[in-house]
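Asks: I would like the atomic coordinates for the input below:
(chains A and B)
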Amino acid sequence: MQKLDDLLLALLENPLNVVFVGVLLLVVVLCVAYFQQFLFILKNLSRNLVRSIMVSIAVMLLVVVITLVWTVTAALDQVTQEKSKDFKAIATERFQIPSQMPFSYERELSEGAVRRPGDVTPQDSMSWSFYGGTIDKEHLTRENIVFFFCMEPKKLLRMENDKPISMMDDIDQLSTTDLYLLEKACEEMEKDPRKVVIGVTRLEALKKRVGETIRISSLNYRGIDLDLEIIGSFPKGRYGQSAVMNRRYLNNALDAYNRDADKTGTPHHPLSDKSLNLMWLRVPDTKSFSQLAEQIEGSDAEGHQRPSPFAAPAVKLETASSGIAAFLDGYRDLLWAVSYLLVPSILATMALVLACAISIGVRERRTEMAVLKVLGFGPNHIMSLILGEALLIGVVSGLVSSALTYAIFNWGFGGVNFPIAFFPTFLVPGDALRWGVTVGAVTSFIGSVIPAWTARSVKVSEVFAKVA
Amino acid sequence: MKDEPGTVLLFILPPSSFILLKERHMISTTTSLIFLSCSIGFLVFMVLLAWIGRVPIKYNLRNIIVRWPINLLVAIAFTVVVGMLVFMLAFVNGMYRLTAGSGHPGNVIVLSDGALDEVFSNLGYRDVSKIELNNLVQTDDRGRKMASWELYMINNQPIPNAVKGGRHNRFLQLRGVDDPVTSGEVHGLTLYEDGKWFSAAGVEEVDKVNPAAIRDLTVAVAGDFADPMGTGPLVAGRRVFGSRTKQTLGQAVLGEGIARELGQDQKKATLKIGDTFDIGPKQWVVVGIMKSAGSTFDSEIWVKRDYAGPLFGKTGHSTCVLRTADAASAAQLATDLTTNYKESAIQATVETEYYEKLNTTNLQFLVTIAIVMFFMSIGGVVGVMIVMFAAISQRSKDIGILRIVGFRSWQVLVSFFLESLLLAVIGGVIGCAVGSLGNGYSATSMVGGGGGGGKSVVLKMSVDTSILMLGMLFALVMGCVGGLLPAIFAMRVRPLESLR
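Replies: Numbering: from 1, shown residues only, chains lettered A, B, ... in the order given. Model (predicted):
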């Protein structure tokens, strides 16, 4: 029931969905009001049950594809859409990918490089360091590799007045049980930096369980191998492949490496001054963001210079959406083709299948339509019956298909597994129900409008002349 | 259909489509052989049946023409599905060709141990310079070892005059090299005629008008310039000139693809030699354009490592590519370096194998295409089924008459089955033709090994014979699946009952 409640709440979040539910209710009311006609449509569909089922299956399968495609593209659109309020800004090295800044930048960045009265301070901040390694150095495979986000555990999750507070997207969407377990894990990580949380999917690949200890041979921090204890896991879905450790553990290990290097007279670790990969800063609005960017980058919108405290390397501040858009740039043609070629092709196929089925149905029932006309049915009435048949099959198939897609992918598979940029999986949104119904309705209308017009134009004299 | 225009008609010879599937690791050898044998055997059998036996083919053809509106809808559905399949496979094929065209079988690529991608590799931990001294590494005409020492970097560059609401930054792939001539030889890259590799310093000095010291002479009449001090640049209708200073520009050699991409910023078709652009905090001048089409180098900017590295806080090398005599020598060198080189932990891979590993993204796309096409094909199958079932129910009297005049039930089955196949072939041929329109188009994509990193590439979509045959085979399979059940129904029609 909890999941159903979540689905309904997610659906009603969007005003478009509320309108959609309203329209759906109106349709139900119309069906009740015109119950006889509705029954007539149902009877017509059941007369050739094989054909109706085949069309329904085709529509359902095609709606599945459309739902999955739109799940990915809508999510990417959402994360790359500029927000105007309460959004995250990302501070990274200005020109280089991957960004590698000295950890000494962390404090000043978290305070927004405030130096003058009136300067903006971020509402919250979060530092990110990336530590990657393998549990089997001799036999390196994709399965035995794990990448850790090194951060402050309390920024991952803490509870304030029974409300989950997190800088990470969608953490607050976890179930109550998962939130409780993750909060406890964060507290433990704070106390003992050796303790880590790893996503369920990654744990399965590593063939490890919560409670086990692992030794990571680092791939990027060469010579910094860490012993870790797994004390919790992220559920399947967005963070299923993720892993988090306390940033203090990595920093302490780097310090220890450098202390040993000092003793032996060898160089410090090459990444000891490059261990801060990025910072997230929460800002209330675009004005604050612009001001903050000026404080950090050292110039304002008019190009007036003010010295930046971050010179070598230089730092840039951009909105999360802009930063993500740059990473997705490599996929822009692919996403264009999916949106403007693949989806229309699927819609066209659906409309054609429906058109075939409805056209044949109309041709087979020409005599019957002539009889209806004789009995007093008007041309528009006949047309609406044919359109009703197509819409009923399209809408019901679309609704069932999108609901099943939502349930099977979100609850069964933990989301749509299509790794693109740094998004491993995508959860099918509650909006999918609206998509399914809309796609079913629109394609069935397009597919049936010509056959319905043909049925409207049936001439009684011609039909009976042939019969005679 | 640039490769072989007539190949679309060879739908009864689908072996290459199986080779394609096999090459893309979509099916195992055994499965492909079984599938191949069954399909060929079945098609040959059907054609023979129609040829030897008395099958009313003309009757079916006439019916297709008479019932053209509904048959046209089915054919369009087939066209859409097959066209989309061909188009999407052309994209993936372009990616495969790109990665295949980037590696040389005689080259060995050396990265630091554990690095999953060049961008994560750092050969600067300990001394690796001796790897080029291996006897298997070839020597060029100048007596130098054919070793390309490189520093691969990705630069996050603001886009000049970015459109509001559009993207503001782009990632530029920089390859800092020590000796561009040797690196060009190792990678088999040459420059277009008017270009040159960058100098030993990797920079050049040019005159620059110092804006702070500009003294402008405004001329009353446009075009009538008083220019007592010589030639100054024309700015907004005024001749301005001032004290000149020397400006240092980094020299860059560009791949063809990135030259086109950067050219768009300056409203040009492509950047040309002498054009300038920004990378990081510096300005660069184009000194050469590489003949790089069809390789990942097409999206790269080559610069002097000693100059570019420090600009981005990078020293040392990420990559070393060594040229050996042949593929066997390359394999031997790769094994030798990985196991026996003790100065520093490195991993050496034959370059072609390295680029094959970058096909993980391609495989991901291919699997996605297979799933999407499976679902789309259901649409085509259902379309054929609906039409054929309707045809049979309407033509039950025809079937009865056919049986009475001597056609046997299996002949009726073949007749209706071939009718659905014919619809599939018509839709398939048109679909292949429509999908082939994508051939030669450029598109951006990412190739990667799935472990992070990856390269942004510009690829050319490629429709080849295998893809066209796969498209036709796909159409035939849809026709078979959709037509078989109705044909069996037609076969079971009882003549006398149908004529009552």
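Asks: Which helix or strand contains the residue nearest the centre of chain B?
Replies: Within chain B, one residue has its C-alpha closest to the average C-alpha position: by Cα atoms, centre = their mean, that is B:Gly94, at 2.3 Å. For B:Gly94, the element it lies in under DSSP states H and E is helix B:68-102.
Asks: gap between that helix and the chain center?
Replies: Helix B:68-102 has its C-alpha centroid displaced from the chain centroid by 14 Å (Cα atoms, centre = their mean, to the nearest Å).
Asks: picking up where we left off before, is it true that the residue nearest to the centre of chain B touches B:Val458?
Replies: No. With contact defined as Cβ atoms under 8 Å, B:Gly94 does not reach B:Val458; the gap is 9.7 Å. The C-beta positions use only the backbone N, C-alpha and C, and glycine is treated the same way.
Asks: and for the two, which residues touch both?
Replies: By the contact definition Cβ atoms under 8 Å, 6 or more residues apart in numbering or on different chains, B:Gly94 and B:Val458 are jointly contacted by B:Ala443.
Asks: any idea which element B:Gly400 lies in?
Replies: Taking DSSP H and E as the definition, one finds B:Gly400 inside helix B:396-404.
Asks: wait, I meant A:Phe38
Replies: With the criterion set as DSSP H and E, the secondary-structure element containing A:Phe38 is helix A:35-47.
Asks: quick check: mean pLDDT across the helix or strand just after that helix?
Replies: Remark: after helix A:35-47, the chain's next helix or strand is helix A:49-80, criterion DSSP H and E. Helix A:49-80 shows a mean pLDDT of 89 in the predicted model.
Asks: got the angle for helix A:49-80 vs helix B:68-102?
Replies: Relative orientation of helix A:49-80 with respect to helix B:68-102: 40 degrees, computed using axes from the mean of the first three to the mean of the last three Cα atoms, to 10 degrees.
Asks: and helix A:49-80, what does it pack onto?
Replies: Secondary-structure packing of helix A:49-80 (3 or more Cβ pairs under 8 Å, 6 or more residues apart in numbering or on different chains; DSSP states H and E): helix A:320-328, helix A:343-364, helix A:379-406, strand A:416-420, strand A:423-426, helix A:432-456, helix B:360-394.
Asks: report the angle between the axes of the next helix or strand after it and helix A:320-328?
Replies: If you walk from helix A:49-80 toward the C-terminus, the next helix or strand you reach (DSSP H and E) is strand A:85-93. Between strand A:85-93 and helix A:320-328, the angle comes out at 50 degrees (the same axes, to 10 degrees).
Asks: List the buried residues in strand A:85-93.
Replies: Applying a neighbour-count criterion of 16 or more other Cβ atoms under 10 Å in any protein chain shown, the buried positions in strand A:85-93 are A:87-93.
Asks: Per-residue pLDDT of B:Gly242, please?
Replies: Per-residue confidence for B:Gly242 comes out at a pLDDT of 51.
Asks: Output the buried residues of strand A:85-93 in CSV; the columns should cover pLDDT.
Replies: Output for the buried residues of strand A:85-93, formatted as CSV (pLDDT from 0 to 100):
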residue, pLDDT
A:Phe87, 80
A:Lys88, 86
A:Ala89, 89
A:Ile90, 91
A:Ala91, 90
A:Thr92, 90
A:Glu93, 88
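Asks: so where's the chain uncertain?
Replies: Assuming you mean chain A. A:1-4, A:6-7, A:10-11, A:84-86, A:299-306, A:466-468 (pLDDT under 70).
Asks: that's the wrong chain, I wanted chain B
Replies: Confidence mapping of chain B against pLDDT under 70 gives the ranges B:1-43, B:45-47, B:49-50, B:52-53, B:124-127, B:164-166, B:208-245, B:449-454.
Asks: Can you show me the strands along it?
Replies: Chain-ordered strands for chain B, with DSSP state E as the definition, fall at B:107-112, B:147-158, B:169-177, B:203-217, B:234-235, B:238-254, B:276-279, B:282-289, B:300-304, B:319-323, B:346-350, B:442-447, B:455-460.
Asks: Looking at these, which is nearest to A:Gly240?
Replies: When these are compared by Cβ to Cβ, strand B:442-447 sits nearest A:Gly240, at 21.9 Å.
Asks: Kindly calculate the angle that the closest one makes with helix B:360-394.
Replies: Between the direction of strand B:442-447 and that of helix B:360-394, the angle (the same axes, to 10 degrees) works out to 120 degrees.
Asks: is chain A contacted by strand B:442-447?
Replies: Yes. For a cut-off given as Cβ under 8 Å from any Cβ of the partner chain, strand B:442-447 has contacts with chain A, namely B:443-446.
Asks: count of neighbours near residue 436?
Replies: Since you didn't name a chain, this refers to chain A. 30 (other Cβ atoms under 10 Å in any protein chain shown).
Asks: oops, I was thinking of chain B
Replies: As a burial measure, the neighbour count of B:Ser436 was computed by other Cβ under 10 Å and equals 24.
Asks: Quick check: it touching B:Val86?
Replies: Yes. If you go by Cβ under 8 Å, B:Ser436 and B:Val86 touch, sitting 6.3 Å apart.
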